[in-house]
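A.B. asks: I'd like to go over a predicted model; first the sequence, then the structure.
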Amino acid sequence: MTAPVALSARLSRLGAASVLTAAAVAVPSLLPGAAQQAEAATLAAKALGVAASKKGSPYQWGATGPNRFDCSGLTLYSFKQAGRKLPRTAAAQYGSTRHVSAATRRVGDLVFFHSGSSASSVYHVGIYAGGGKIWHAPKTGARVRLERIWTRSVWYGRV
């Protein structure tokens, strides 16, 4: 009996009240990695929400929150609030993430701006918000904001 047929037979025997419980037990065994992907998506969504909640907070070089941020301070703070620790600098954060392509980027991935071909050329980081936009702490005199990605010189990393 194939897995979907077996699942269907089990569900018909269990009745409607137990469908959700059965799915919670059966789906992870049918889709290896599904639980990990769901956990990563939840983490990223939480971090993105934290970053968005800091809209309007002033930029301050070296600041890690909760009221002032530099770029990597915002990402560090956002993921810490979501339950994951990141290194302090943008370059170190790049080194600690799983690198993904632009085609496979997801909301909540980190977006690393670079000026060369090595990790040491990373100079800025934000959190991908979808639609080609990021939440970030841009520069002195600016505030945390949602902004369109302005260059193609970016790499993506998944926490």
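C.D. replies: Thanks, I have it.

A.B. asks: where does the chain have its least confident helix or strand?
C.D. replies: helix 19-30 (a mean of 44; mean pLDDT, DSSP states H and E).

A.B. asks: Can you give me the distance of the residue nearest to the spatial centre of the chain to His124?
C.D. replies: What sits nearest the mean C-alpha location of the chain, by CA atoms, centre = their mean, is Gly108, with 2.7 Å. Distance from Gly108 to His124, counting by CB to CB, to the nearest Å: 17 Å. Quick note: C-beta positions are derived from backbone N, CA and C, even for glycine.

A.B. asks: What are the structural domain limits within this structure?
C.D. replies: Domain assignment of the chain by automatic domain parsing yields the ranges 1-32, 39-158.

A.B. asks: What is the end-to-end distance of stretch 129-139?
C.D. replies: Using CA to CA, to the nearest Å, the end-to-end distance of stretch 129-139 comes to 19 Å.

A.B. asks: Ok, stretch 89-100 next?
C.D. replies: 19 Å.

A.B. asks: what mean pLDDT does it have?
C.D. replies: Averaging pLDDT along stretch 89-100 yields 98.

A.B. asks: Among the domains of the chain, which one carries the weakest average confidence?
C.D. replies: domain 1-32 (a mean of 46).

A.B. asks: Gly65 contacts Lys54, correct?
C.D. replies: Yes. Using CB atoms under 8 Å, Gly65 is in contact with Lys54, at 7.3 Å.

A.B. asks: Identify the contacts common to these two.
C.D. replies: Jointly contacting Gly65 and Lys54 under the rule CB atoms under 8 Å, 6 or more residues apart in numbering are 74, 77.

A.B. asks: can you pull the contacts of Leu74?
C.D. replies: 51, 54, 65, 126-127, 135-137, 144.

A.B. asks: what residues are up against Ser153?
C.D. replies: 113-115.

A.B. asks: ok so, going back, buried deepest among the domains of the chain, which one?
C.D. replies: domain 39-158 (a mean of 17; mean count of other CB atoms under 10 Å).

A.B. asks: Can you tell me which helices and strands the longest strand belonging to the chain packs against?
C.D. replies: Assignment by DSSP state E gives strand 122-130 as the longest strand of the chain. Packing partners of strand 122-130 (3 or more CB pairs under 8 Å, 6 or more residues apart in numbering; DSSP states H and E): helix 34-53, helix 71-82, helix 90-96, strand 110-114, strand 133-136.
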